[in-house]
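Chemist: Everything below, folded, please.
(one chain, ligands or ions: 1)
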Amino acid sequence: MPFFDAPDFDHHEQVVFAHDATTGLKAIIAIHDTTLGPGMGGCRFWPYASDRDALTDVLRLSRGMTYKSALAGLPLGGGKAVVIGDARRVKTPQLLQALGRAIDRLGGRYITAEDVGTSPDDMAHIATTTRFVAGIDSHGISGDPSPYTARGVFLGVRAAVRHRLGADTLAGVHVAVQGLGHVGQALCEDLHAAGARLTVTDIATERCHRLAARLGAQAVAPEAIYDVVADVFAPCALGAIINESTLPRLKVAIIAGAANNQLATGDLALVLKSHGILYAPDYAINAGGIIRVCREYLGNTDSVDDEVVKIYDTLSHLFAMADDHNISTLEAADARARARLTNGR
Ligand code: NAD
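Modeler: Predicted structure coming up:
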């Protein structure tokens with residue numbers, strides 16, 4: 001398949017196809033940009049419909065990591081790994097060790113961590129064959145970055161509500177949350193504690209109904225989430241869920257959630273703006289996890305809480321910048337991240 005003219009190829013420094021016949025490993029590791037430091041980004045385990053889909057995902061995700069770390073002021077570049085397959089069926093310690101060997105061969109240019117389909121336990125297996133891995137449980141402290149991501153998203157929702165609705169509190173604000181996994185659940189707890197009204201959905205129906213019952217939320221079917229009339233839509237499942245078919249259905253003032261690559265294409269940020277929907281750029285609002293994983297990897301986590309709190313200010317600044325220059329919030333975020341990369345060069 002043609003590669004260098006693929007729509008999502010963005011001058012990536014290195015893309016590696018890793019295969020191990022013994023364990024069945026089929027993975028792609030993409031290093032987008034190492035100007036500011038080694039490319040760090042999670043390892044996604046997913047049953048992609050095709051190798052092309054996996055390649056598209058890893059190209060987009062690794063680019064997003066470059067921008068995310070640059071915007072968060074971290075000494076990191078952007079990278080990502082995807083493993084092709086159903087984690088429940090093919091993920092074994094041996095396969096993860098083979099992935100660790102592939103990562104090790106990159107000599108530290110890529111550092112992995114968890115993402116959808118992988119866990120701190122998986123990182124521990126990878127760590128037996130490479131030291132270029134973060135997000136591992138150690139000394140009774142969880143390596144899971146999700147609580148930090150959720151915290152950042154919560155603060156980002158507050159910043160967006162302040163900017164778009166002029167409210168300093170989330171009391172009574174209606175938030176529709178898509179995806180109740182590691183981040184989505186923690187986010188719902190914080191939103192509930194802040195007095196928000198919740199509508200929730202997940203393809204894992206039982207989990208969805210349990211959470212709804214516990215937090216007094218309304219549960220809806222996965223497809224119905226796009227039709228919910230709410231103040232905020234918080235996508236916390238997978239990417240590309242804002243697209244030409246879902247966008248006309250949205251009846252919200254704000255989109256602010258954890259999922260990476262929420263927009264099917266970047267130009268939709270301008271369409272959202274023209275619809276009066278305030279979009280919190282995904283890589284700005286969901287940086288809490290990478291902040292935590294970066295500091296853990298570098299050996300000092302003292303500044304993590306302060307850095308996560310700054311997500312509120314970063315988003316407030318991006319919203320103001322977008323208004324001042326009449327550009328989309330995504331253009332504002334891209335411009336700020338690119339300026340950091342240019343300075344780094
Ligand atoms: P997770 O796998 O724990 O949870 C994802 C949830 O989404 C699952 O419960 C799944 O059943 C649900 N889901 C999948 N497809 C769905 C659909 N069509 N409709 C409704 N629900 C659906 O993942 P997570 O760690 O909570 O991450 C969520 C998102 O946030 C991902 O896009 C991830 O890349 C992004 N993200 C996560 C972190 C982190 O620290 N975990 C950091 C940055 C970004």
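Chemist: Tell me the spacing between Ser138 and Thr130.
Modeler: 16 Å (CB to CB, to the nearest Å). From N, CA and C alone the C-beta is placed, and that goes for glycine too.
Chemist: In the stretch 1-150 of the chain, what residue comes closest to the ligand?
Modeler: Thr149 (3.5 Å; CB to the nearest ligand atom).
Chemist: what residue is smack in the middle of this protein?
Modeler: Closest to where the C-alpha atoms of the chain average out (CA atoms, centre = their mean) is Asn260, at 3.7 Å.
Chemist: got the phi/psi numbers for Ala234?
Modeler: The phi and psi values for Ala234, taken as degrees, to the nearest 10, are phi -120, psi 100.
Chemist: if I read this right, it contacts Leu187, doesn't it?
Modeler: Yes. Contact status for Ala234 versus Leu187: in contact at 6.5 Å, counting by CB atoms under 8 Å.
Chemist: Return every residue with contacts to both of these two.
Modeler: Jointly contacting Ala234 and Leu187 under the rule CB atoms under 8 Å, 6 or more residues apart in numbering are Val153, Val177, Gly257, Ala258.
Chemist: want to throw those into CSV with pLDDT and distance to the ligand?
Modeler: As requested, those are exported to CSV (pLDDT from 0 to 100; distance: CB to the nearest ligand atom, whole Å):
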residue, pLDDT, distance to the ligand
Val153, 98, 8
Val177, 98, 9
Gly257, 98, 8
Ala258, 98, 4
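Chemist: ok, of those residues, which one's closest to Ala230?
Modeler: Val177 (9.6 Å; CB to CB).
Chemist: The helix or strand containing the closest one pairs with which strands?
Modeler: Under the criterion of DSSP states H and E, Val177 resides in strand 174-178. Neighbouring strands of strand 174-178 in its sheet, by DSSP bridges, are strand 197-201 (parallel), strand 232-235 (parallel).
Chemist: I'd like these as JSON lines, with mean neighbour count appended.
Modeler: What follows is the strands paired with strand 174-178, written out as JSON lines (neighbours: other CB atoms under 10 Å):
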{"stretch": "strand 197-201", "mean neighbour count": "23"}
{"stretch": "strand 232-235", "mean neighbour count": "28"}
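Chemist: of those strands, which approaches the ligand most closely?
Modeler: It is, among these and with distance given as CB to the nearest ligand atom, strand 197-201, at 5.2 Å.
Chemist: how about the residues of the stretch 151-300 of the chain near the ligand?
Modeler: Taking CB under 6 Å from any ligand atom, the part of the stretch 151-300 of the chain that reaches the ligand is made up of 178-184, 201-204, 222, 236-238, 258-260, 286, 289.
Chemist: returning to what we had before: correct me, but the residue of the stretch 1-150 of the chain closest to the ligand touches Gly289?
Modeler: Yes. Contact criterion CB under 8 Å: Thr149 and Gly289 qualify, at 3.8 Å.
Chemist: ok, now how distant is the residue of the chain found nearest the ligand from Thr35?
Modeler: For the chain, the residue closest to the ligand is Gly181, as judged by CB to the nearest ligand atom, at 1.7 Å. For Gly181, the distance to Thr35 equals 32 Å [CB to CB].
Chemist: Can you check what pLDDT the model gives Met1?
Modeler: Note on Met1: pLDDT of 65.
Chemist: Pro47 and Thr201, how far apart?
Modeler: As defined by CB to CB, Pro47 lies at a distance of 21 Å from Thr201.
Chemist: wait, Thr301
Modeler: From Thr301 over to Thr201 (counting by CB to CB), the distance is 33 Å.
Chemist: same check, this time on His163
Modeler: Separation of His163 from Thr201 (CB to CB) stands at 26 Å.
Chemist: residues in contact with Ala176?
Modeler: By CB under 8 Å, 6+ apart, the residues touching Ala176 are Leu198, Thr199, Val200, Thr201, Ile225, Val228, Ala230, Val232, Phe233, Ala234, Val252.
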